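> Dropping a prediction and its sequence here:
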2 protein chains.
Amino acid sequence: MHLIDLITRKRDGGRLTPAELRTFAAEYAVGRYPDYQVSALLMAIFFRGLDDDEGFALMEAMLASGGRLDFAGLGKPVVDKHSTGGVGDKVSIPLAPLVAACGVAVPMMSGRGLGHTGGTLDKLEAIPGFNTRLSLAEAKAQVERLGCALIGQTGEIAPADKKLYALRDATATVEAIPLIAASIMSKKLAEGLSGLVLDVKTGSGAFMPEMDRAITLARTMVGIGERCGCPTVALLTSMEHPLGVACGNALEIEESLEILRGGGPIDTRELTLALGAEMLVLAKVVPNLGEARVVLEARLADGSALEKFREIVTAQGGDPRVVDEPSDVLPRAPERAVVTAQRTGFVQQVAPRVIGRGIIALGGGRRTMEDAVDPSVGFHLLVRPGQHATRGQPLAAVFARDAAGIEAGKACIAEAIVIGDDECTPAALISHRVTRAGVEEL
Amino acid sequence: MHLIDLITRKRDGGRLTPAELRTFAAEYAVGRYPDYQVSALLMAIFFRGLDDDEGFALMEAMLASGGRLDFAGLGKPVVDKHSTGGVGDKVSIPLAPLVAACGVAVPMMSGRGLGHTGGTLDKLEAIPGFNTRLSLAEAKAQVERLGCALIGQTGEIAPADKKLYALRDATATVEAIPLIAASIMSKKLAEGLSGLVLDVKTGSGAFMPEMDRAITLARTMVGIGERCGCPTVALLTSMEHPLGVACGNALEIEESLEILRGGGPIDTRELTLALGAEMLVLAKVVPNLGEARVVLEARLADGSALEKFREIVTAQGGDPRVVDEPSDVLPRAPERAVVTAQRTGFVQQVAPRVIGRGIIALGGGRRTMEDAVDPSVGFHLLVRPGQHATRGQPLAAVFARDAAGIEAGKACIAEAIVIGDDECTPAALISHRVTRAGVEEL
């Protein structure tokens, strides 16, 4: 098979066969095609797309390039959640132990922060000693023992996707929907799941801000999951402003613990419960979303979700005192300052990309994968779009390493939080639900 | 400058600045950008195009990456012709000495055959001893002395284009009109020309078969030439069937000599005169195309064009006896056969791509740049589309190395030459003339 023929055909709007895509992914994973041809093919796919059969074949080929978890003998359902990423999105951290506390196995595999979005692994590593680098065998053993592991993508999973993703990142071909869908699903379906819930972000802080494209992505991923025999549900959720109050790695661990104690910001709590309810229904431990809510709230109220988190932290080498005394254990930024409203009015926006870039400016995020991250810095965002604010009222707290960081943080808040005269209605937290049956507006 | 920013902007339909394109070409020529990013940019350009300013900046940058000929002190006009390539197109070979015999300097720089089209260099090298690998300095000295040199593209000319062309060839991004135009013009404008004539082929045997795209290419190249102060004219000419009778390297040298003696097939002669007339007018040695014809025909009739060719062959190390006794000097295929018409009717087609592939099958063309070429093999095509043929009438002669070649050649002719019942009108040889003033239908 000559790759030039595939490039030419796709460039001219033709189809690639499943056999060709399988050969492509398998051979590329072992270095048999030059990157310069593959990047030309990726750009042609960016413009011409892949149909459902092509996307599925590519996903299958990337999945087949690596190892898989197998929970066949576990005797309980295995469900995971994936988010397309946003600012302040720490939901995986309370969600995984909460669902595990309901009797469902959760092999939660997450990523690192890059660009304006944070990453669950960076947040977990704010807990001193916490090790996210488990092998597939270690992760499997922990899921069997505790019902949950919180790990990174190992090199064993979908190496073809890993190589292809790095090339996409360097060639401006990340944003192609069929490539995103195949990439995400090749990793998630390697987890041996009996169900998958997708949190597809929309709005200005999302990687894919436009609602119609986000819905297409959700439908594509749901289609792939179902075709693989893995029941899949996607929720379209708003990233018009950061989720919750805390933005920054250690601060988000604190907020996650608040959720696990039954408190926390209303939006973080609501999204955790909504995604958790979908997971319980897919796991068939409850018959419907309403009953799922009841079970989830009970596990928060009785402390068993928090207890599950303690077990996971301990198992993965983290300091378990974080659960009860987070402020003693988590790294603390030495400098703090509060930013207050310069005028009275309605909060028009809390711009997530500005906040995300602000965290990078404070040293708490990554410009490149090699950057080190300071877990202590970040923001508490004390207002939401649509809310009324009075001059002098606190808008945000800045947590920084030094006085220069405080100034950078204040400038970020001044840019991100805009107060104006007009009343405004914030976007709904969850706008659509996508299942094999179609798209439901909520 | 980060190339990823340029890729993203072009992918999304934005413009690249002249400064960015200059940096790109200069840095790429010295290996500072990875091929995998450049190929993604090329594919984005394939889909989004380059506007006139972008294309001009890219051409200028590729031109600036190498050396140039300078004929400032020559005291006579310097004009060249470029063809986009076809089957049987040997026009450069009689044209260059003919125009030189009219007092115009012609630094004719040509290419090798690739794919279904032949290359002038391969044809010239059918003459024993003929050396096309002159340096720029040697070419300049010969042009100053004889008024003409027939050479290949040296590594000194537009190295950025050379590198980019190789990458385009491997990534299915050759066909983008602005890239073709910039590539051709960066090489031609390095010749220090006072005028340039372009032969842009259309029809099934052309690299760009569609008339509208060929006209766009012609307009783009004329625009670039004029913007560089080099008066440029393009003729759109038909490649619906091979040009002339001879197809194959040594056979085409023989036909070129017939033209220089004032004979030869009517279409080869007509195209040579039409392109030559444009060159003489651009060179301002005659006031109009009509007078140019008179001068050209006189130089054929008085033998001075043929004499000029003899001087060039001698100067470049070739055996000058080829001029008078071509059949004694040129390599001769040991096997010959005539293919006759199986039925009576009208010639519907003489498919140029089939003939081109047939020459490769006989060993006379290249699949890759590394392939060796047998100069002796090829075809004489004895009929033209639209012509009436009687059963048993010779359609073509095959010249081959062995009996297997004869069989391959016969099969090629059987596929290429189709005889049917319908009368048909062949395409006009020259359909449009493109100048700075616009497109003129002929």
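Yep, that arrived. Numbering: from 1, shown residues only, chains lettered A, B, ... in the order given.

> shaky segments in chain A?
Within chain A, the segments meeting pLDDT under 70 span A:114-115, A:369.

> can you list the domain ranges for chain A.
Chain A breaks down by automatic domain parsing into domains covering A:3-49, A:79-156+A:165-325+A:430-437, A:332-420.

> What separates the first and last residues of the longest one, distance-wise?
Translated: domain A:79-156+A:165-325+A:430-437. Using C-alpha to C-alpha, to the nearest Å, the span of domain A:79-156+A:165-325+A:430-437 from its first residue to its last is 20 Å.

> quick one: it near chain B?
Yes - counting by C-beta under 8 Å from any C-beta of the partner chain, chain B is contacted by domain A:79-156+A:165-325+A:430-437 at A:167, A:170-173. Using the backbone N, CA and C atoms, a C-beta is placed for each residue, glycine as well.

> The shortest one too?
Yes - looking at domain A:3-49 against chain B by C-beta under 8 Å from any C-beta, the contacts come from A:4, A:7-8, A:11, A:34-40, A:42-44, A:46-47.

> Check the last one too.
No - counting by C-beta under 8 Å from any C-beta, chain B has no neighbours in domain A:332-420; the shortest distance is 11.9 Å.

> Next, the contact list for residue A:68, please.
Contact analysis of residue A:68 by C-beta atoms under 8 Å, 6 or more residues apart in numbering or on different chains lists A:157, A:190-192.

> re earlier: can you tell me which of the domains of chain A is packed in deepest?
Sort the domains of chain A by mean neighbour count, taking mean count of other C-beta atoms under 10 Å in any protein chain shown, and domain A:79-156+A:165-325+A:430-437 sits at the top with a mean of 22.

> any idea how far that one is from the chain center?
How far domain A:79-156+A:165-325+A:430-437 lies from its chain's middle: 6 Å, per C-alpha atoms, centre = their mean, to the nearest Å.

> Helix, strand, or coil at residue A:162?
Secondary structure assignment for residue A:162 (DSSP: H, G, I helix; E, B strand; the rest coil): helix.

> Might one say that it is in contact with residue A:152?
No - using C-beta atoms under 8 Å as the test, residue A:162 is too far from residue A:152 to be in contact (11.6 Å).

> quick one on the thing from earlier: please identify which of the domains of chain A is closest to residue B:91.
domain A:3-49 (29.6 Å; C-beta to C-beta).

> Straight-line length of that closest one, end to end?
17 Å.

> Run through the bridge partners of the closest residue to residue A:255 other than its chain neighbours.
Nearest residue to residue A:255, sequence neighbours excluded (C-beta to C-beta, 6 or more residues apart in numbering or on different chains): residue A:246, at 4.0 Å. Residue A:246 has these beta-bridge partners by DSSP bridges: residue A:380.

> mind listing what residue A:246 touches?
Applying C-beta under 8 Å, 6+ apart to residue A:246 gives the contacts A:88, A:90, A:252, A:254-255, A:378-381.

> can you check residue A:174 too?
Contact analysis of residue A:174 by C-beta under 8 Å, 6+ apart lists A:165, A:168, A:180.

> distance of residue A:403 from residue A:361?
Separation of residue A:403 from residue A:361 (C-beta to C-beta, to the nearest Å): 14 Å.
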